[in-house]
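Chemist: kindly return the folded structure for what I paste below:
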Amino acid sequence: MSQLKVIIVGAGMGGLACAIACRRAGVDVTVLEKNDQLTEIGAGVQITPNATQIMRHFGLIDRLLEAGAEPLGITRLIDFKSGRTIGERPGWRWAEKAFGNHWYTIHRADYQRVLADEAVRLGAEMRFGANVVHVECTETPFVRLEGGEKIHADLVVGADGIGSVVRDFVYDGELPFVSRGEVAYRAVIPRSKLEALDDDVYGRLTAGGAMMWIWSGPGTHATAYPVRNDSVFNLVVLGPDDLPEGVSKAKAEREQMELACKDWDTLLRKVVKEASTSVIKWKVVYMDELDTWVKDHVLLLGDSCHPTPPYQAQGSAMAMEDGACLGTLLGLYQKSGNGMALRELLHLYCDIRKDRTALQSRGMKSNAKLFQIKTEDDREEREQMLSQLKWDKNSRSEKWTWGDMVYQTELNAYDTVRDSE
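Modeler: Reported below is the predicted structural model:
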C-alpha cells in the first residue's frame, strides 16, 4: 500500500515516541508544535523500567546517559515531621534484576531533546509555531492552523497534553476531570547550594546511596532527587490548591513553597529554602477514563486522554507506551498492505492501551494513599507492610501496590513494542 501520512499534534514525550516508532517503520510523520521551540516546562522526571525498555528498542540508552540521565538509587520514605525513615526501596540494580531494565532520573527538557533529535534524524518533519485551531474528524482528516493553512493526512494524533485542542474535536461529552485540591510546586536546586549548607545537608541527602527522598505527611507529600549528573536536585512539594478556576499552572514564589511545608522535617525545609526563584506550581488533576479516544481517523494519546497525578512517576511512561504502541501498529498496518480497516486498528490500539492505563491508575491511587496517610490505623498498617518487605518476587501487599511485586512487575517489566507486535 502507499505510505501512510500521520500528523502528530504536540511534541511531548508521547508524541515524539510515536514519531520515532512511525519513522522506524517507514510511516510519514509531521509533528506540529504550537511553541516556537522545545520549551518543556518542568524539572525532573523518572524514566521507569517500562519506559527504559522503549528507549532500548529505539537504541537511545547511550544518548540518555550523555544527556545526564542517571540510575536511580535507593528510594527513602520519610516521616514528614520527624525525618524518621519509614521504609526503603532498593535502587537500579534491583530494578534491573526485577524488571529487566534500569530506573533512571533525568531533566525533562533533556529527555525531550533526546527524543526530538532522534525523530528528526529519522526523517520526521518538525514544525514549530504551528498552532492547531481546528481538526476535521473524518476518514480523510485534516488540521487547520492559525493563519488558515490546512494540512491533510491519513491519521491525526492528538498528543497535545492535558489542555488538548484535538480532544475538543474527538470527545463530545463533559470531561471527567477530578481535582485533588492541591498544587505541585516544582523547582530545581543547584548541588553547589546544598553542599554549601551547614549540617551536611548534601551528605545526608545522599547517605547510604539514597537518591530519592519522599516525605510523607497527612494529605500531602514532597519528593527530591538529583538530575543532570547530580548537578541539580529536583524538588516537588504538594500544597493546597490556590489557583483560579481554569488555570492549570502559574509561576510561584519560593515563600509559597516554604509555607506548604513550614512544620516539616528540618532537612526538607533547608532544601526548600535554597530553591530558585523560578518556582512553578501545577494544579494536580487527573481524568477518569474517557468513553472513547478515537473519532474516525483522529486519535488521542498521553495526557490528552489519561492525565495522571505525580504519585507513581508513570505519566510520561504511559505516554511513551501509547506512542510506541501506536507507531508499531501503524508500521505493521502499512507493511501488511491494509489487511484491516484503519479504524479497526485504532480501536485495537485503544483496547491495548486502556488495559495499561487502568493498571497504572490503580497503582497511582494506592500510592496517593500510601504517601499521604491520614489515619493512625492506615499508618500502622503501612509501617507493618514496609517492615516486612523483602522486595523479591514473593513480596505481596493487597492494599499497597508500592510494595506488591506482582503488581510492580506487571507495571514495570512490560514491553509495549513486543506486545504491540
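Chemist: would you mark the buried spots in the helix or strand hosting residue 255?
Modeler: Using DSSP states H and E, residue 255 sits in helix 254-260. Under the neighbour-count criterion of 16 or more other Cβ atoms under 10 Å, helix 254-260 has 254, 257, 258, 260 buried. C-beta: built from backbone N, CA, C; applies to glycine.
Chemist: can you verify my assumption that the second one contacts residue 237?
Modeler: Yes: here residue 257 reaches residue 237: they are 5.3 Å apart, a contact under Cβ atoms under 8 Å.
Chemist: quick one: the helices in the stretch 301-421 of the chain?
Modeler: Assigned by DSSP state H, counting those that start in this stretch, the helices in the stretch 301-421 of the chain fall at 315-336, 342-371, 376-388, 405-412, 416-420.
Chemist: tell me the most buried of those?
Modeler: Each of these was scored by mean neighbour count; the highest is helix 315-336, a mean of 24, by mean count of other Cβ atoms under 10 Å.
Chemist: mind listing residues that contact stretch 277-288?
Modeler: Stretch 277-288 has contacts (Cβ atoms under 8 Å, 6 or more residues apart in numbering) with 41-42, 162, 175-180, 182-187, 238-239, 241, 243, 247-254, 256-257, 305-310, 361, 364.
Chemist: and if we set it to 7 Å?
Modeler: 41, 175-180, 182-187, 241, 243, 248-254, 257, 306-309 (Cβ atoms under 7 Å, 6 or more residues apart in numbering).
Chemist: so, low pLDDT: which residues of the chain?
Modeler: For the chain, the stretches with pLDDT under 70 are 1, 40-42, 208-210, 338-339.
Chemist: only C-alpha atoms, please: export the helix holding residue 255 in PDB.
Modeler: In PDB, the C-alpha atoms belonging to helix 254-260 read as follows (Å, rounded to 0.1, in the frame of the first residue of the first chain):
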ATOM      1  CA  ARG A 254       9.700  30.300  46.900                       C
ATOM      2  CA  GLU A 255       8.000  31.500  50.000                       C
ATOM      3  CA  GLN A 256       4.800  29.800  49.000                       C
ATOM      4  CA  MET A 257       6.700  26.500  48.700                       C
ATOM      5  CA  GLU A 258       8.200  27.100  52.200                       C
ATOM      6  CA  LEU A 259       4.700  27.800  53.600                       C
ATOM      7  CA  ALA A 260       3.400  24.500  52.200                       C
END
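Chemist: who does that helix touch, helix- and strand-wise?
Modeler: Using 3 or more Cβ pairs under 7 Å, 6 or more residues apart in numbering; DSSP states H and E as the contact test, the elements touching helix 254-260 are strand 177-190, strand 232-240, helix 266-273.
Chemist: can you redo the ones you listed as JSON lines with mean neighbour count?
Modeler: As requested, the helices and strands packed on helix 254-260 are exported to JSON lines (neighbours: other Cβ atoms under 10 Å):
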{"stretch": "strand 177-190", "mean neighbour count": "19"}
{"stretch": "strand 232-240", "mean neighbour count": "22"}
{"stretch": "helix 266-273", "mean neighbour count": "18"}
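Chemist: which one is residue 407 nearest to, not counting chain neighbours?
Modeler: residue 401 (4.4 Å; Cβ to Cβ, 6 or more residues apart in numbering).
Chemist: what does residue 394 give?
Modeler: Residue 394 sits nearest to residue 405 (Cβ to Cβ, 6+ apart), 7.2 Å away.
Chemist: same check, this time on residue 230
Modeler: Residue 230 sits nearest to residue 191 (Cβ to Cβ, 6+ apart), 5.9 Å away.
Chemist: show me where the stretch 1-150 of the chain has helices.
Modeler: Secondary structure of the stretch 1-150 of the chain (DSSP H, counting those that start in this stretch): helices located at 13-24, 49-58, 61-66, 92-99, 108-121.
Chemist: between these, which gets nearest to residue 382?
Modeler: With Cβ to Cβ, the closest approach to residue 382 among these belongs to helix 92-99: 20.4 Å.
Chemist: residues near the nearest residue to residue 94 once chain neighbours are set aside, how many?
Modeler: Distance criterion Cβ to Cβ, 6+ apart; nearest residue to residue 94, sequence neighbours excluded, is residue 391 at 6.2 Å. Applying other Cβ atoms under 10 Å, we find 15 residues neighbouring residue 391.
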